[in-house]
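K.L.:
can't give you the sequence, but here's the structure:
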């Protein structure tokens, strides 16, 4: 007992209050970097050591297996003896444990199986086939996402309302059939674990009473991330007898798009009026400047429980704010800043580069590659390794070279055309026997009539599609970027990925649009290579660079969502512009902007020592040139906390006249023409504008100009007839 008392004495006053309180129900409002895990584990140990609960009478719930293992390990270190029978795990893990113990009560076979995501998708596809659902009406992945969403809301198929809407009516029929098949087969998906565990309480009063007598206290970590069914399950279990301690932060609720309900943490005090709230506001991570900025931003949210982070270490360096001309300038500044930090002795793994959208990473990665700065994408893959990007590039490779077998195999049935594994194997064996490419093998089999039925018709249509897209074969005058757009639209890739879950589909579509953006850099390339060949060569080189190995010291790149729970000495947040961050999809409702602001709060509080925010006056994103005003989140930070960094007037080009990578910046012809970045110019046709960027060298120098009435255009400097104004 004395050991735990001594350990608790080392906590600050609010932490001790949260650990030792006698209140039955407690909300620990734990700000970023305030030591919430320490409080949670010390409270478990305190409850056990003081006899308020037995080890078997404590249930502690979190969201990931890693967090559960860490929690269990810390509790074991705090207690003088090995705890026995402790229920510490994830929501799904504990639900699985309950269902295994009470399989009869929930009408499951004793050896019931849990479906992983891939197995669930196969089952959904089977149901769609058996019901003969029209091919263009329901996508299997979208249906899987819909079923999981229903279960997160606690909604069985029979309670989904019937409707005259054809699409929704088919969704209901598929869900009914899927549920019936799972019941017959004794199969349980992840959403079913929680739903069935909730029904265990509701339908079996004796079982519920047993666990309400067993558990004296239930503790929940990251409570702001709970969804409807998770809170309902906890609420029924605790009833009026079991103590409930929840630890969370409504200011860090950023997963509403996947079912998390920030309202749950607000509702606790309504459901349990005697709840005590303890606020952990002392931050042990960031400087005072960073915390003041975070507090200022989040204070603009309409509804929150309210807290202000503070630290004993007053001061800190001001937040740097860089206003870039465009996304290339932004990426170059960030790469140069990181390079300077590394030269000054900073460890690369102490640096993080955060962004709102995955599509932003392409330009940032290219800048880091040019600077030879090692990096890794945290929780994701590099831009040119992403599935949808590789698919677009595979189509382009096949357009450029019909004998590219790897590209052919990748897209012959993507999107699905009815060319199955047997047909593809026939193509492979024919290519081997004849010593030819898969493209020529397809031609040969079609001529001989050996590729029949739907597969034959689809293979012929596929080859005609590729030929129609070839600029040389069709004498098309499409620019390279226009060709990329046409490929995305006419091949069906856009429609294919649109059918996935909303957030995932949006990310994939944005990444494909970023391929269009990337291709524009090569439209004016001169030399032996065509623009398409130059672009594919450069993309291959970038993909071949590879990111740093796991053991290698490297800069971390990640989305703001992926950064939650992490911390770094030096943090860059790129793309702070309206319509990007906050994201344009969030601007229609106040709740959406509030969640975006919470995401900004999370990003700011990842920084321990230094924080740099950047935005671009002009950004090519989602296939368009955009001129958005700086993010409202920048405006919400007090000006005395910010140090504006003036942009430099030099540009590092991204490609040479031969399409190859440049090790050093090349001199530009702009100075000889009397121009620099930011110069006001006049064009005889397009009117007045501002030079935003320049690339190339000598006669191949091109400039990006934002015109007042004609938008942003890329012009060859020697032909543009620009005059200074």
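P.N.:
Right, received. Where do you want to start? Source: prediction; values computed, not measured.

K.L.:
Quick one: distance of stretch 117-128 to the chain centre.
P.N.:
Computed by C-alpha atoms, centre = their mean, to the nearest Å, the chain-centroid distance of stretch 117-128 equals 24 Å.

K.L.:
Would you mark the buried spots in it?
P.N.:
The neighbour-count check on stretch 117-128 (16 or more other C-beta atoms under 10 Å) flags 120, 123-124, 127-128 as buried. Just so you know, the C-beta spots here come from the backbone N, C-alpha and C atoms, and that holds for glycine as well.

K.L.:
is it possible to export those residues to CSV including distance to residue 497 and secondary structure?
P.N.:
As requested, the buried residues of stretch 117-128 are exported to CSV (distance: C-beta to C-beta, whole Å; DSSP: H, G, I helix; E, B strand; the rest coil):
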residue, distance to residue 497, secondary structure
120, 19, helix
123, 22, helix
124, 17, helix
127, 22, helix
128, 18, helix
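
K.L.:
Just the closest of those to residue 349, please.
P.N.:
Distance to residue 349, by C-beta to C-beta, is smallest for residue 120 among those, at 36.3 Å.

K.L.:
Closest one to residue 588 out of the buried residues of stretch 117-128, please.
P.N.:
When these are compared against residue 588 (criterion: C-beta to C-beta), the nearest one is residue 124, at 30.5 Å.

K.L.:
from memory the closest one sits against residue 177, does it?
P.N.:
No. Contact criterion C-beta atoms under 8 Å: residue 124 and residue 177 do not qualify, at 9.7 Å.

K.L.:
Doesn't residue 500 belong to a helix?
P.N.:
No. Counting by DSSP: H, G, I helix; E, B strand; the rest coil, residue 500 falls outside a helix, being coil.

K.L.:
What's the local residue count around the nearest residue to it once chain neighbours are set aside?
P.N.:
Using C-beta to C-beta, 6 or more residues apart in numbering and skipping residues adjacent in sequence, the residue nearest residue 500 is residue 141, 4.9 Å away. Neighbourhood size, residue 141 [other C-beta atoms under 10 Å]: 18.

K.L.:
Residue 141 is in what secondary structure piece?
P.N.:
helix 140-152 (DSSP states H and E).

K.L.:
Residues in contact with the very next helix or strand once past that helix: which ones?
P.N.:
Of the helices and strands lying after helix 140-152 in sequence (DSSP H and E), the nearest is helix 166-185. Applying C-beta atoms under 8 Å, 6 or more residues apart in numbering, the external contacts of helix 166-185 come out as 107, 115, 123-124, 126-128, 130-131, 133, 137-138, 143, 146-147, 150, 156-158, 160, 162-163, 187-189, 192.

K.L.:
Narrow those residues to just the buried residues.
P.N.:
Here, 16+ other C-beta under 10 Å leaves 115, 123-124, 127-128, 133, 138, 143, 146-147, 150, 157, 160, 187-189, 192 buried among the contacts of helix 166-185.

K.L.:
residues of stretch 446-464 that come out buried?
P.N.:
446, 451, 455-456, 458-459, 462-463.

K.L.:
Looking at those, which one is closest to residue 609?
P.N.:
Nearest member of these to residue 609, counting by C-beta to C-beta, is residue 462, at 54.7 Å.

K.L.:
So what does that closest one look like in phi/psi?
P.N.:
Main-chain dihedrals, residue 462, degrees, to the nearest 10: phi -60, psi -50.

K.L.:
Tell me who's in contact with it.
P.N.:
412, 417, 419.

K.L.:
again, 10 Å this time
P.N.:
398, 408, 411-413, 417, 419, 439, 442, 491 (C-beta atoms under 10 Å, 6 or more residues apart in numbering).

K.L.:
Could you do residue 69 as well?
P.N.:
So, once contact is read as C-beta under 10 Å, 6+ apart, residue 69 ends up touching 62, 88-89.

K.L.:
Just the buried subset of those, written out for ChimeraX, thanks.
P.N.:
Buried residues among those (16+ other C-beta under 10 Å), as a ChimeraX selection:
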select :62,88,89
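
K.L.:
Take the contacts of residue 69 and lay them out in a markdown table including secondary structure, distance to residue 103 and pLDDT.
P.N.:
Output for the contacts of residue 69, formatted as a markdown table (DSSP: H, G, I helix; E, B strand; the rest coil; distance: C-beta to C-beta, whole Å; pLDDT from 0 to 100):
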| residue | secondary structure | distance to residue 103 | pLDDT |
| --- | --- | --- | --- |
| 62 | strand | 25 | 93 |
| 88 | strand | 22 | 94 |
| 89 | strand | 18 | 93 |
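
K.L.:
Closest one of the contacts of residue 69 to residue 641?
P.N.:
For these, the nearest to residue 641 is residue 62 (34.1 Å; C-beta to C-beta).

K.L.:
nearest residue to the closest one other than its sequence neighbours?
P.N.:
In space, residue 62 is closest to residue 221, 4.1 Å off (C-beta to C-beta, 6+ apart).

K.L.:
surely that neighbour meets residue 60?
P.N.:
Yes. Look at residue 221 against residue 60 with C-beta atoms under 10 Å: they come within range, at 7.4 Å.

K.L.:
residues bridging contact with the two, i.e. touching both?
P.N.:
Joint contacts of residue 221 and residue 60 (C-beta under 10 Å, 6+ apart) are 40-41, 68, 71, 245.

K.L.:
Identify, from those residues, the entry nearest to residue 280.
P.N.:
residue 40 (10.8 Å).

K.L.:
what about the closest one, neighbour count?
P.N.:
For residue 40, using other C-beta under 10 Å, the count is 25.

K.L.:
Show the pLDDT at it.
P.N.:
Note on residue 40: pLDDT of 96.

K.L.:
now the one 3 residues further on
P.N.:
According to the prediction, residue 43 has pLDDT 97.

K.L.:
That one: what's it in contact with?
P.N.:
With C-beta under 10 Å, 6+ apart, residue 43 has these contacts: 8, 15, 18-21, 26, 28, 58, 60, 75, 217, 219, 245, 247.
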